[in-house]
Each structure stands twice: as structure tokens, then as C-alpha cells.
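1. Generate a structure from the sequence data that follows.
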Amino acid sequence: MPERSLCPWLYHHHGRGYNDYTIYASWTEEGIFFVTRMKDNADYTVLEEKLIPITGNVLRDQVIQFNGFYAHKKCPHPLRRVVVWDSDNEREIVLLTNISSSEPIPSQLSIRTAGA
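-> Below you'll find the predicted structure:
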């Protein structure tokens, strides 16, 4: 991924073609928020299960940490794994974000996926 100068507090989305743990750590340290799709084969430990809204499409909200040696070394920060229901395509979508675990997830997340 090419170097980019991003403003702090920017919500940046990038696809799930690969996970760039170094970028995730860098953005987290710089206060740049991201939301991306999490790879199915990610190795992680759930540190905390967050309460989710009773209504809406959020199925799960977890604070996680990567287990893999290189993944954990490159990104030692806890991140959030949020599972949402995509009713248009009738499937779960797993998102990865560094938005603070103290911030509540809206009860209805708008899912827009290009070519997913």
C-alpha cells in the first residue's frame, strides 16, 4: 500500500485484500480511525465482549488482540471486531476497527460494499 498522509480523526476504509498490521498500528498511534473488513482466517483472542443494542444489525461487538507472532508484533494494540448483519445480501460481515472501545456502536450500521 502506498504511503499516504492522512489527517487525524479521519475515518478511512480499506478493503480486505490483505491485512496491513503495521498500517493499523501506525494509524492507531496517530489517531486516524479506520474500518475494514476482517479476514476470515485472522487469529485473535477476544479480550472483551461489549454490550450490543437490542435492535439493529449489530450482532457482536468485541475488543480483540491478534495472536499471530508477526501480527501481534506489528499491531500490539487492541482493536474492535464488529459483526453486522447485511440484510441486502443475507450474510454476516465482520468489520475491524480502531474506533475506541468506549464509543458505542450505532444500532444500525449502513453497509456499503463494492464488489463484495
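2. residue ranges with poor pLDDT in the protein?
-> Residues of the chain meeting the criterion pLDDT under 70: 1-18, 101-116.
3. Sticking with residue 24, tell me its helix or strand.
-> Element membership of residue 24 [criterion: DSSP states H and E] is helix 21-30.
4. Now do residue 65 against residue 47, distance only.
-> To residue 47, residue 65 is 6 Å away according to CB to CB, to the nearest Å. For glycine as for every other residue, the C-beta is placed from the backbone atoms N, C-alpha and C.
5. Report the central residue of the chain.
-> Nearest to the geometric centre of the chain sits residue 96, at 1.2 Å (CA atoms, centre = their mean).
6. how about the nearest residue to it, chain neighbours excluded?
-> residue 38 (4.1 Å; CB to CB, 6 or more residues apart in numbering).
7. sorry, back to before: so which bits of the helix holding residue 24 are buried?
-> For helix 21-30, burial by neighbour count (16 or more other CB atoms under 10 Å) applies to 21, 23, 24, 25, 27, 28.
8. Could you do stretch 38-53 as well?
-> Using 16+ other CB under 10 Å as the test for burial, stretch 38-53 gives 38, 42, 44, 50, 52.
9. Next: stretch 72-81.
-> By 16+ other CB under 10 Å, the buried positions in stretch 72-81 come out as 72, 74, 75, 78, 79, 80, 81.
10. Might one say that the second one is in contact with residue 26?
-> No. Proximity of residue 74 to residue 26 does not meet the contact threshold set by CB atoms under 8 Å, at 9.5 Å.
11. The residue nearest to the centre of the chain: which element?
-> strand 91-97.
12. now the residue lying closest to residue 74 once chain neighbours are set aside: how far from residue 37?
-> Of all residues not flanking residue 74 in the chain, residue 21 sits nearest, at 3.7 Å (CB to CB, 6+ apart). In this view, residue 21 and residue 37 are 15 Å apart by CB to CB.
13. Would you check how far apart residue 49 and residue 32 are?
-> Distance of residue 49 to residue 32, given as CB to CB: 26 Å.
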